[in-house]
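Novice: Next input, structure requested:
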Amino acid sequence: MPNQIRFIFFAPEKHLTNAINIFVITTLFYFFGASLRLVDELSLFWPLNAVLAAVFVRYPFLNRPVYYFLSYSAMVVYDAFTTHWGLQSAVINFSNMVFVIMVARLLLRYSHVQNENNWALNAFNLFYFCLIVSIISSLIGSLGSLGASSDYRNFLSLFADWFSEQFSTGVLILPCLLMAKWPQWDKTSVFHLSKLYPLFGVVISVVASVVIGGAGSLAFPLPALIWCAIRYPVPVTALLTFLTGGTEIVLVANSIVDIHYQQPLVVNEMFSARLGIATMAICPLIVSVSVDAINRLIKQTSLRADYDYLTGVYSRSGLYEALKNKVPLLHLPKQKLCVMLLDIDYFKRINDSYGHECGDVVLSAFATHIRKSIVEEGLVARLGGEEFVVVCSANSQEQAYTIAEKIRQSIELTAFRYQQQTLFITVSIGLATAESENKTLLDTFNPLLAQADKYLYLSKRNGRNQTSTAAVEEIAFNG
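Specialist: Next comes the predicted model:
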């Protein structure tokens with residue numbers, strides 16, 4: 001899982017450390033959930049099961065009976081010191097482990113079938129897994145809790161409360177933990193306040209839920225969360241969805257958001273609120289995953305269109321796009337735009353003598369060498385076959401000629417390796433320069449390319465392995 005958060009205290013070879021950390025994490029989140037007990041012995045928010053499931057998914061080597069047993073033991077030990085449940089604690093915590101193990105196993109099994117880590121991205125499957133496992137674990141938990149509830153509520157009511165808590169917690173927490181990664185800051189990007197507008201929308205919608213109230217107020221944050229899904233990466237959307245859903249559950253439970261004015265909050269209403277929030281939470285995740293998939297596809301399509309698959313340099317269409325959008329440094333005042341057309345001499349002989357695979361290796365190494373030889377602002381593109389173009393800026397035509405000659409001479413002295421063979425090649429170059437003046441780079445480039453092609457023909461006619469340009473042509477004519 002590249003770029004994802006990896007805690008260094010989990011490692012395949014550190015069995016004792018893993019065991020201690022599993023026990024500690026279980027105890028800490030068990031304490032947190034127990035501190036939020038709202039109705040008798042049931043908790044308002046129970047993050048432990050989702051957290052443990054995420055840990056076992058992100059660290060598959062932890063999926064061993066000994067670590068499962070340690071988690072279960074930590075739950076039972078905590079209950080032994082804080083409750084009087086006795087044997088009922090064994091059944092209740094067994095239901096917790098059913099949720100943890102089944103969700104982890106389903107997600108890991110699903111991820112092995114896919115080419116990518118889709119268990120973290122496919123919101124639909126995560127939704128279904130949580131739904132199925134919550135039903136099973138809640139049946140076990142509610143049966144075990146019947147004797148632990150002080151008011152002996154009927155089984156259906158207890159099951160509804162237990163199921164809604166397990167399901168909503170899983171749907172809210174698991175995507176956030178499974179997709180969490182360290183933030184990567186783009187130092188070149190400029191911060192704009194508009195990037196925070198979706199976040200402001202979420203905050204305003206939650207405030208509106210408090211002010212207006214009613215059952216429909218739970219859906220107020222949905223448009224803002226979908227806005228976040230379109231503007232932000234998937235991990236950020238998952239985090240915002242979790243924080244928003246968790247906040248709404250707390251607000252409803254404490255009657256800060258009133259979904260029923262005539263009577264205090266009851267279990268059935270908490271059941272409805274939790275399911276509604278969980279169902280709402282999955283919508284922005286689905287949108288975010290879809291947007292991410294579309295962006296990936298667009299990026300792949302763009303790369304295939306704009307870059308030559310063999311050499312990694314720009315294709316012809318990619319070069320034109322770069323000249324239109326990406327090279328403001330070539331607009332430096334009083335500098336000339338330089339276009340060099342390069343053609344590998346007698347390249348057909350390489351293919352005929354050593355095969356096309358060797359030719360491909362030479363082309364790729366040739367392109368890499370050119371990229372290292374030009375200034376950072378220069379562009380390199382493959383126009384087709386063994387013909388390449390370099391676009392850069394220079395103070396004068398003489399400097400442009402010097403750059404071209406440096407490339408030509410370095411190619412001549414470079415040994416290209418293929419298997420056990422060492423190959424030396426030469427290159428013919430046609431160079432054309434002009435000032436951009438008030439024209440766009442693309443308008444300046446097109447006639448220069450035609451001139452460079454003429455000078456490339458001159459280099460080949462005069463014996464190859466040389467650079468031809470207007471200055472050289474004038475010297476030859478005057479001589």
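Novice: Tell me which stretches of the stretch 51-200 of the chain form helices.
Specialist: Along the stretch 51-200 of the chain, the segments classed as helices by DSSP state H, counting those that start in this stretch run 65-82, 87-113, 123-145, 155-178, 197-212.
Novice: Point out the most buried one among these.
Specialist: helix 155-178 (a mean of 23; mean count of other C-beta atoms under 10 Å). The C-beta positions use only the backbone N, C-alpha and C, and glycine is treated the same way.
Novice: Could you check how far the closest residue to residue 435 other than its chain neighbours is from residue 394?
Specialist: Of all residues not flanking residue 435 in the chain, residue 336 sits nearest, at 5.6 Å (C-beta to C-beta, 6 or more residues apart in numbering). According to C-beta to C-beta, to the nearest Å, residue 336 stands 5 Å off from residue 394.
Novice: same deal with residue 89?
Specialist: Residue 89 is 79 Å from residue 394, by C-beta to C-beta.
Novice: Pretty sure residue 167 sits against residue 277.
Specialist: No: Residue 167 lies out of contact with residue 277 (C-beta atoms under 8 Å); the separation is 10.2 Å.
Novice: Out of the helices of the stretch 51-200 of the chain, flag the one nearest residue 23.
Specialist: Residue 23 lies closest to helix 65-82 among the helices of the stretch 51-200 of the chain, at 4.8 Å (C-beta to C-beta).
Novice: Tabulate the CA atom coordinates of that closest one in CSV.
Specialist: Only the C-alpha atoms of helix 65-82 are listed here, as CSV (Å, rounded to 0.1, in the frame of the first residue of the first chain):
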residue,chain,number,x,y,z
PRO,A,65,-5.3,-16.7,15.9
VAL,A,66,-2.8,-15.5,18.5
TYR,A,67,-3.5,-11.8,17.7
TYR,A,68,-7.2,-12.4,17.5
PHE,A,69,-7.1,-14.0,20.9
LEU,A,70,-5.1,-11.1,22.4
SER,A,71,-7.7,-8.6,21.2
TYR,A,72,-10.5,-10.7,22.7
SER,A,73,-8.6,-11.2,25.9
ALA,A,74,-8.1,-7.4,26.2
MET,A,75,-11.9,-6.9,25.9
VAL,A,76,-12.7,-9.5,28.5
VAL,A,77,-10.1,-8.3,30.9
TYR,A,78,-11.4,-4.7,30.6
ASP,A,79,-14.9,-5.9,31.4
ALA,A,80,-13.7,-7.9,34.3
PHE,A,81,-12.4,-4.8,36.0
THR,A,82,-15.2,-2.4,35.0
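Novice: just the angle between that helix and helix 87-113, please?
Specialist: 150 degrees (axes from the mean of the first three to the mean of the last three C-alpha atoms, to 10 degrees).
Novice: Averaged pLDDT, helix 65-82. What do you get?
Specialist: Here helix 65-82 scores 92 as its mean pLDDT.
Novice: circling back to that earlier point, quick one, phi/psi of the residue nearest to residue 435?
Specialist: phi -100, psi 140 (degrees, to the nearest 10).
Novice: what sits against it?
Specialist: Shown in contact with residue 336 (C-beta atoms under 8 Å, 6 or more residues apart in numbering): 393, 394, 395, 396, 397, 400, 433, 434, 435.
Novice: Kindly recompute the last result at 6 Å.
Specialist: 394, 433, 435 (C-beta atoms under 6 Å, 6 or more residues apart in numbering).
Novice: Quick check: the gap between residue 399 and residue 32.
Specialist: Counting by C-beta to C-beta - residue 399 and residue 32 are separated by 67 Å.
Novice: Quick check: longest helix in the chain by residues?
Specialist: Longest helix in the chain, counting residues (DSSP state H): helix 267-306.
Novice: Flag every buried residue along the helix or strand following that helix.
Specialist: On the C-terminal side of helix 267-306, the closest following helix or strand by DSSP states H and E is helix 316-325. The neighbour-count check on helix 316-325 (16 or more other C-beta atoms under 10 Å) flags 318, 319, 320, 322, 323 as buried.
Novice: Distance-wise, check the third one relative to residue 22.
Specialist: Spelled out, it's residue 320. 57 Å.
Novice: Just give me the neighbour total for residue 412.
Specialist: 13 (other C-beta atoms under 10 Å).
Novice: for the stretch 251-400 of the chain, which spans come out with low pLDDT?
Specialist: 259-269, 302-304, 326-333, 375-377 (pLDDT under 70).
Novice: try the stretch 101-250 of the chain
Specialist: For the stretch 101-250 of the chain, the ranges with pLDDT under 70 are 111-124, 147-154, 182-191.
Novice: try it again with 90
Specialist: For the stretch 101-250 of the chain, the stretches with pLDDT under 90 are 106-130, 138, 141-198, 202, 205-206, 208-250.
Novice: Might you report the residue contacts of residue 244?
Specialist: Applying C-beta under 6 Å, 6+ apart, the residues near residue 244 are 202, 221.
Novice: The strand or helix carrying it: which residues count as buried?
Specialist: Residue 244 is part of helix 234-253 when elements are defined by DSSP H and E. Across helix 234-253, burial judged by 16+ other C-beta under 10 Å covers 234-242, 244-249, 251-253.
Novice: sorry, back to before: could you dump the buried residues of helix 316-325 into TSV with distance to residue 75 added?
Specialist: Formatted as TSV, the buried residues of helix 316-325 follow (distance: C-beta to C-beta, whole Å):
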residue	distance to residue 75
318	58
319	62
320	63
322	59
323	64
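Novice: and those, which two are the farthest apart?
Specialist: 318 and 323 (9.7 Å).
Novice: And stretch 373-392, end to end?
Specialist: One end of stretch 373-392 sits 12 Å from the other (C-alpha to C-alpha, to the nearest Å).
Novice: domain ranges for the chain?
Specialist: 15-182+192-301, 316-478 (automatic domain parsing).
Novice: and of these, who's closest to residue 9?
Specialist: domain 15-182+192-301 (5.1 Å).
Novice: what about the residue nearest to residue 317 when sequence neighbours are not counted, how many neighbours?
Specialist: Distances taken as C-beta to C-beta, 6+ apart place residue 305 nearest to residue 317, at 5.8 Å, with adjacent residues excluded. For residue 305, the neighbour count with other C-beta under 10 Å is 11.
Novice: tell me the contacts of residue 105?
Specialist: Contacts of residue 105 by C-beta under 6 Å, 6+ apart: none found.
Novice: Now do residue 336 against residue 459, distance only.
Specialist: 20 Å.
Novice: What of residue 211?
Specialist: For residue 211, the distance to residue 459 - C-beta to C-beta - is 77 Å.
Novice: before we move on, what about residue 292?
Specialist: The separation that residue 292 has from residue 459, given C-beta to C-beta, amounts to 49 Å.
Novice: Could you do residue 445 as well?
Specialist: 20 Å.
Novice: got it, and residue 237?
Specialist: Residue 237 is 56 Å from residue 459, by C-beta to C-beta.
Novice: same question, residue 181
Specialist: 51 Å.
Novice: okay, the two: which has more neighbours?
Specialist: Higher neighbour count among residue 181 and residue 459: residue 459, with 25 against 16, using other C-beta under 10 Å.
Novice: pLDDT at that one, what is it?
Specialist: pLDDT, residue 459: 93.
Novice: element containing it?
Specialist: Going by DSSP H and E, residue 459 is in helix 441-461.
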